[in-house]
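Peer 1: Fold the following and give me the result.
(2 chains)
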Number of protein chains: 2
Amino acid sequence: MRLLLISNSTNPGEAYLDYPKPEIKNFLGDKKVTGLFFPYAGVTFSYEEYAEKVKIRFNEIGHDIRSVHEFKDPIKAVRDAEAIIVGGGNTFHLLKMIRDHGLIKPVREKVLSGTPYIGWSAGSNMACPTIKTTNDMPIVEPDSFNAFHLVDFQINPHYIDKNPDGHAGETREDRINEFLAANRDIKVIGLREGCIFRVEDRQMKLIGTKSARVFEYGKSPVEMTDENDFSAFI
Amino acid sequence: MRLLLISNSTNPGEAYLDYPKPEIKNFLGDKKVTGLFFPYAGVTFSYEEYAEKVKIRFNEIGHDIRSVHEFKDPIKAVRDAEAIIVGGGNTFHLLKMIRDHGLIKPVREKVLSGTPYIGWSAGSNMACPTIKTTNDMPIVEPDSFNAFHLVDFQINPHYIDKNPDGHAGETREDRINEFLAANRDIKVIGLREGCIFRVEDRQMKLIGTKSARVFEYGKSPVEMTDENDFSAFI
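Peer 2: Have a look, this model is predicted:
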């Protein structure tokens, strides 16, 4: 299994997909790959616009995409795909569309059989058992929270340590502790912005200069860096 | 119909329910009221602890609560209640427990017939048609996002204008714009911390020194203050 799970598309002040671009190039390799892109997390712009924006960035590194919304038979498109690329946006909208099109099982089987998977933000959450650690607003209602379940832990993308000063709402850590209280058997990793997990076979490593924060029920959170081995989490 | 919809229980540096306490006292009146308290949004502490904490604050203003989790027949407890009090915490957990106990319709009927309703944070969201404008993590899966539907608009509690510096995740306004794109017919009001909506019959007013931010699909957001009339939103 080969996964590239990216916390966020874009760091503040940078161009779209700028920091992950070299990692995507490295992950997909030298031979041109045409990935199947899932634009379903986009809500305030069209799927066409979203696909075009991503296509430009992939073309810059010698690869290409086609968007799943262009296919009459999306299940066949998944089966034929050279890579699965799942973009960020609203996680509930993404999951609802994927489930409504019956694509959970086809994508899961495809990726478990070796096809590379790249996701960012909502697209990284989709690789987890469920979307229960998303930060997004539940603007639409999927028929289930179950996602692709390619890994056995939950990612919290865009992980952030503090609230803005003077704000009393729950911190991200508070929210993850609530998740753990209700889901005691599953671990959560807070993936800070600018960071990526790369999974290859049974190995997982962190790419990025920030540490990741690992949460487990009944234990104190632990910081792990790119010098640690994350393979036990898969 | 009488509602007191509070953005957040506690401002930074203050005691629990400190700022809303005088408004709760004023809303419930001089005669002692024993409200039925819903502790179901609490996840990382027990319902007993939650109810005790709220009871102490209500006792300080001459009122009392009993917690719905103590009753063998919660539907009867709702029918007999002198007030409905819904505390904050995790909105998904709150909604799931209320729906699992079959309490949506009993509470709605009870409040529409004139029984006072007080909610804070998740408890304010529950007064809306759905919980689709919550900020909370979907740590558990309710069988539907439909809530008490006491008002016809959506509240976003703990409304906040900006992300912390250097964080690239969606702002609250981005998220609400995604909600509007997917739900074009319903308005959203961002209720900043320290602010309260008081609804009485067909009148709604804002209590608090901050303005509320009103979102409607296809229009620019509008700031409204305690000098404006919000009654058209109910």
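Peer 1: Let me see the ranges of the helices in chain A.
Peer 2: Under the criterion DSSP state H, chain A carries helices at the ranges A:21-28, A:47-60, A:74-80, A:91-100, A:104-112, A:122-125, A:172-182.
Peer 1: most packed of the ones you listed?
Peer 2: helix A:122-125 (a mean of 29; mean count of other CB atoms under 10 Å in any protein chain shown). In this view, the C-beta of every residue, glycine as well, is placed from N, C-alpha and C.
Peer 1: Now do the contacts for the spatially most distant residue from the centre of chain A.
Peer 2: In chain A, counting by CA atoms, centre = their mean, A:Gly166 sits farthest out from the average C-alpha position, at 30.7 Å. By CB atoms under 8 Å, 6 or more residues apart in numbering or on different chains, the residues touching A:Gly166 are B:Pro12.
Peer 1: what's the answer for A:Gly119, then?
Peer 2: By CB under 8 Å, 6+ apart, A:Gly119 lies in contact with A:Leu3, A:Leu4, A:Leu5, A:Ile6, A:Ile85, A:Val86, A:Gly87, A:Gly88, A:Asn125, A:Met126, A:Ala127.
Peer 1: Quick check, pLDDT for the last one.
Peer 2: Going back to what we said before, that points to A:Ala127. Note for A:Ala127: predicted pLDDT of 98.
Peer 1: same check, this time on the second one
Peer 2: Turning to A:Leu4, the model gives it a pLDDT of 98.
Peer 1: So for the residue most central in space within chain A, what's the nearest residue that isn't a sequence neighbour?
Peer 2: Among the residues of chain A, the one closest to the centroid is A:Ser124, at 1.0 Å (CA atoms, centre = their mean). In this structure, A:Ser124 finds its nearest non-sequential neighbour in A:Leu5, 4.1 Å apart by CB to CB, 6 or more residues apart in numbering or on different chains.
Peer 1: so what's the one you found bridging to?
Peer 2: Counting by DSSP bridges, A:Leu5 is bridged to A:Gly119, A:Phe197.
Peer 1: my guess is A:Val151 contacts A:Cys128, does it?
Peer 2: Yes. At 6.2 Å, A:Val151 and A:Cys128 qualify as touching, with contact defined as CB atoms under 8 Å.
Peer 1: Between these two, point out the one with more neighbours.
Peer 2: Ranked by neighbour count (other CB atoms under 10 Å in any protein chain shown), A:Val151 and A:Cys128 place A:Cys128 first, with 27 against 20.
Peer 1: how far away is the residue nearest to A:Ser124 from chain B?
Peer 2: For A:Leu5, the distance to chain B equals 16 Å [CB to the nearest CB, to the nearest Å].
Peer 1: unless I'm mixing things up, that residue is touching A:Cys195, no?
Peer 2: No. Using CB under 8 Å as the test, A:Leu5 is too far from A:Cys195 to be in contact (9.5 Å).
Peer 1: higher neighbour count, these two?
Peer 2: Applying other CB under 10 Å to A:Leu5 and A:Cys195 shows that A:Leu5 carries more neighbours, namely 28 against 24.
Peer 1: How many residues are close by A:Met137?
Peer 2: Using other CB under 10 Å, A:Met137 is surrounded by 27 other residues.
Peer 1: which ones are touching it?
Peer 2: Contact analysis of A:Met137 by CB under 8 Å, 6+ apart lists A:Asn90, A:Phe92, B:Lys132, B:Thr133, B:Thr134, B:Asn135, B:Arg175, B:Ile176, B:Glu178, B:Phe179.
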